[in-house]
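Q: Got a predicted model here, sequence first, then my questions.
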Amino acid sequence: MLDDRRSDNPDGSRAEHIVRGTIITMDPERRIIDDGAVALAGDQIIGVGPASEILTSFPSSIVTGSAADLVVPGYINGHQHLTGDRLIQSSIPDNLAPGESIFSWVVPVHAAHTPDNDELSASLTLAESLVNGVTSTFEAGTVAHPERVAAAAQQVGARVTIGTWGWDVDDGPFAGPVDEVIDRQRQLLNQEYGPLVSSWVALIGHDLMSDELAVAASDLAKSYDTKLTFHISPTTSDVESYLARTGKRPLVHLDELGVLGPHTVLAHAVHLDDDEAQRVLASQASVVSCPWAYLRLGQGITREFRHLQLWQAAGRLALGCDSENAGDSVDGLRVAALFTGLAKDCSVDPTVFGAHEGLELLTIKGAEALGVADQVGSIEVGKQADLVVHDRTGVSWPPLGRDPVLQLVWGNDGRSVRDVLVAGRVVVRHGKVLGLDLEAATAAAAEASEKLIARADIEPTSCWPTLPPQA
Ligand SMILES: [Zn+2]
């Protein structure tokens with residue numbers, strides 16, 4: 001059976017590329033098509049169905065894959081810092097007091113980041129994203145040089161939504177008065193960087209934005225029909241500072257200011273009370289959950305696991321990887337598995353949430369939460385051809401079993417990704433990013449990292465005594 005909307009494309013439409021495999025469509029019926037195929041033309045999907053029918057209906061000069069492959073929609077990462085942490089990846093000690101990693105490490109590194117550092121960092125983070133099947137990345141709002149991150153995205157072929165610095169604190173990189181911060185955001189929204197790159201309004205958030213800035217940023221996002229994102233309440237410190245400043249908890253205060261709405265994407269929102277959770281639901285604001293960051297930083301996600309409660313109340317949720325010193329690896333499948341396990345364990349109920357729901361958050365539900373479900377998140381005719389092909393011939397894939405979603409989420413991660421397409425273009429083949437000389441980029445990163453550490457005046461060390469190499 002071909003997709004119902006095949007009639008939108010006249011019979012015999014020529015596909016430029018057909019990808020074969022078992023297709024996890026993530027369409028409204030959640031169909032899985034054994035020995036299926038996806039036909040692509042330009043940047044779009046023009047046919048989805050059994051391989052025999054697609055191959056007949058859509059002649060193509062290129063057919064790749066086999067029934068042994070698993071084809072899924074590109075994964076969506078709703079919160080990722082593309083600059084700053086990459087060049088000091090997994091270097092910030094994991095036993096620092098809350099907040100110390102931000103103000104003693106991350107902020108000085110960002111302040112010392114050059115335009116070249118921005119592009120190199122984004123190239124490497126996006127390369128890791130793509131080889132793990134993450135095709136859509138939403139930047140978390142710490143990019144100093146958006147044009148360089150856009151160049152990186154275009155080069156490696158990743159779909160990216162960029163955010164730039166927005167805060168009006170007294171002192172900090174790229175801080176400024178409200179008008180200046182809003183102008184900077186508006187300039188980014190007015191930029192055209194090509195079909196794969198868009199932008200949104202991003203504030204650092206926490207208690208590092210005035211009410212005036214939060215309201216102006218919210219109005220700006222609405223006027224451009226885009227989203228506003230900011231960090232809030234990954235720990236209880238935002239709760240304490242909002243209570244001290246306003247007498248109200250953060251999301252109560254921000255809701256009363258009119259900042260919460262379907263256009264708002266809250267990064268974290270881990271520590272909510274019932275009133276705040278209700279306001280998130282009622283306003284239709286989205287939440288991006290980055291569970292590895294909460295575990296790495298000991299932030300208390302397991303105390304209540306509000307994200308599961310929001311999901312159970314039909315809240316809008318996406319998953320994120322955060323940064324290379326808060327979650328570290330950029331692998332959406334690891335995040336989906338962790339979220340799923342936390343949901344089962346925190347509720348002490350294995351029936352409440354499973355691998356299928358985890359994969360939904362990583363694909364179609366995440367796309368819905370971020371407002372891009374008309375373009376990506378499922379394999380359906382008319383959507384963008386963002387596809388991930390997992391090779392199931394490796395040792396991590398069992399020969400038995402009828403449910404590839406269980407095997408994908410619980411038994412695998414990005415390591416079995418073989419090929420990735422974004423907007424119909426092959427960007428990863430046989431596990432290698434085609435748009436980046438990884439060896440050269442890694443060598444450049446090693447050199448850039450040493451210089452950045454010196455400029456930022458930080459000192460990564462080993463926790464255990466490490467003997468220097470013998471001459
Ligand atoms: Zn973040």
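A: Nice, thanks for sending it over.
Q: And the helices in the stretch 1-150 of the chain, which stretches?
A: For the stretch 1-150 of the chain, the helices defined by DSSP state H, counting those that start in this stretch occupy 51-57, 100, 107-112, 115-131, 146-156.
Q: got the angle for the last one vs helix 115-131?
A: Read that as helix 146-156. With axes from the mean of the first three to the mean of the last three C-alpha atoms, to 10 degrees applied, the angle from helix 146-156 to helix 115-131 works out at 40 degrees.
Q: and the next element down the chain from helix 146-156?
A: Next along the chain after helix 146-156, taking DSSP states H and E as the criterion, comes strand 159-162.
Q: who does that next one pair up with?
A: strand 134-139 (parallel), strand 197-199 (parallel) (DSSP bridges).
Q: now the first one: how far from the chain's centre is it?
A: Here the centre of strand 134-139 is set off from its chain's centre by 4 Å, with C-alpha atoms, centre = their mean, to the nearest Å.
Q: Determine which stretch of the strands paired with strand 159-162 is the most buried.
A: The highest average neighbour count among these, using mean count of other C-beta atoms under 10 Å, belongs to strand 134-139 at a mean of 28. C-beta here means a position set from N, CA and C on the backbone, and glycine is covered the same way.
Q: Alpha carbons only: can I get that strand in PDB?
A: Provided in PDB are the C-alpha atoms of strand 134-139 (Å, rounded to 0.1, in the frame of the first residue of the first chain):
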ATOM      1  CA  VAL A 134      20.500  14.000  15.100                       C
ATOM      2  CA  THR A 135      19.500  16.000  12.000                       C
ATOM      3  CA  SER A 136      17.700  18.900  13.700                       C
ATOM      4  CA  THR A 137      19.500  20.900  16.300                       C
ATOM      5  CA  PHE A 138      18.100  23.900  18.300                       C
ATOM      6  CA  GLU A 139      20.900  26.000  19.600                       C
END
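Q: ok, residues contacting that strand?
A: Strand 134-139 has contacts (C-beta atoms under 8 Å, 6 or more residues apart in numbering) with 74-82, 125-126, 129, 149, 158-163, 200, 202, 229, 265, 288, 320-321, 330-332, 367, 370, 372, 376, 386, 388, 414, 420, 422.
Q: most centrally placed residue in the chain?
A: Closest residue to the average C-alpha location of the chain: Asn77 at 1.4 Å, with C-alpha atoms, centre = their mean.
Q: Show the contacting residues for it.
A: Asn77 touches 129, 134, 136-138, 319-321, 330, 332, counting by C-beta under 8 Å, 6+ apart.
Q: Val169 now?
A: Taking C-beta under 8 Å, 6+ apart as the test, what Val169 contacts is 175, 208.
Q: distance of it from Pro98?
A: 18 Å (C-beta to C-beta, to the nearest Å).
Q: what's the answer for Asp437, then?
A: Counting by C-beta to C-beta, the gap from Asp437 to Pro98 is 39 Å.
Q: same deal with Ala244?
A: 17 Å.
Q: higher neighbour count, the two?
A: Neighbours around Ala244 and Pro98, counted as other C-beta atoms under 10 Å, are more numerous at Pro98. The numbers are 13 against 9.
Q: any idea how far the more buried one lies from Gly300?
A: 10 Å.
Q: where do the helices sit along the stretch 251-400 of the chain?
A: Using DSSP H, counting those that start in this stretch, helices in the stretch 251-400 of the chain cover 274-283, 291-296, 301-304, 306-312, 332-346, 355-362, 364-369.
Q: Need the residues that contact the second one.
A: What it means is helix 291-296. Under the contact criterion C-beta under 8 Å, 6+ apart, helix 291-296 has outside partners 94, 234, 268, 270, 299-301, 307, 319, 321-323, 325-329, 334-335, 338-339, 342.
Q: of those, buried ones?
A: Neighbour-count burial (16 or more other C-beta atoms under 10 Å) applied to the contacts of helix 291-296 gives 234, 268, 270, 299, 301, 307, 319, 321-323, 325-329, 334-335, 338-339, 342.
Q: Just checking, which helix or strand of the protein averages the lowest pLDDT?
A: helix 100 (a mean of 89; mean pLDDT, DSSP states H and E).
Q: Pick the most buried one from the helices of the stretch 1-150 of the chain.
A: helix 115-131 (a mean of 25).
Q: pLDDT of it, averaged?
A: For helix 115-131, the mean per-residue pLDDT is 98.
Q: Kindly export that helix (C-alpha atoms) in PDB.
A: Output in PDB follows, covering the C-alpha atoms of helix 115-131 (Å, rounded to 0.1, in the frame of the first residue of the first chain):
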ATOM      1  CA  PRO A 115      34.800  33.700  15.600                       C
ATOM      2  CA  ASP A 116      37.000  30.800  14.400                       C
ATOM      3  CA  ASN A 117      36.400  28.900  17.600                       C
ATOM      4  CA  ASP A 118      32.700  29.300  17.100                       C
ATOM      5  CA  GLU A 119      32.700  27.800  13.700                       C
ATOM      6  CA  LEU A 120      35.100  25.000  14.600                       C
ATOM      7  CA  SER A 121      33.100  24.100  17.700                       C
ATOM      8  CA  ALA A 122      29.800  24.100  15.800                       C
ATOM      9  CA  SER A 123      31.300  22.000  13.000                       C
ATOM     10  CA  LEU A 124      32.400  19.300  15.500                       C
ATOM     11  CA  THR A 125      29.300  19.300  17.600                       C
ATOM     12  CA  LEU A 126      27.100  19.100  14.500                       C
ATOM     13  CA  ALA A 127      29.400  16.400  13.000                       C
ATOM     14  CA  GLU A 128      28.900  14.300  16.200                       C
ATOM     15  CA  SER A 129      25.200  15.000  16.000                       C
ATOM     16  CA  LEU A 130      24.900  13.800  12.400                       C
ATOM     17  CA  VAL A 131      26.900  10.600  12.900                       C
END
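Q: For the longest helix along the chain, give me every contacting residue.
A: The single longest helix within the chain, with elements called by DSSP state H, is helix 438-456. Taking contacts as C-beta under 8 Å, 6+ apart, the residues outside helix 438-456 that touch it are 86-88, 108-109, 111-113, 116-117, 120-121, 123-124, 127, 432, 459-460.
Q: got the angle for it vs helix 146-156?
A: 160 degrees.
Q: got a pLDDT number for Asp8?
A: Confidence score, pLDDT, at Asp8: 43.
Q: Same question for the one 3 residues further on.
A: Here the pLDDT value assigned to Asp11 is 53.
Q: got it, and Arg402?
A: So, for Arg402, pLDDT stands at 84.
Q: cool, and Trp200?
A: 98.
Q: Also the one 3 residues further on?
A: Predicted confidence (pLDDT) at Leu203: the value is 98.
Q: ok, now Asp171?
A: Taking Asp171 on its own, its pLDDT is 87.
Q: can you tell me how far it sits from Leu208?
A: Taking C-beta to C-beta, one finds Asp171 at 11 Å from Leu208.
Q: Looking at those two, which has the bigger crowd around it?
A: Leu208 (19 against 6).
Q: Can you tell me the closest non-neighbouring residue to the more buried one?
A: Leaving aside its sequence neighbours, Leu208 sits nearest to Trp167 (C-beta to C-beta, 6 or more residues apart in numbering; 4.7 Å).
Q: swap in Pro234?
A: Nearest one to Pro234, counting by C-beta to C-beta, 6+ apart, is His268 at 3.9 Å.
Q: Which strand residues bridge the one you found?
A: Ile232.
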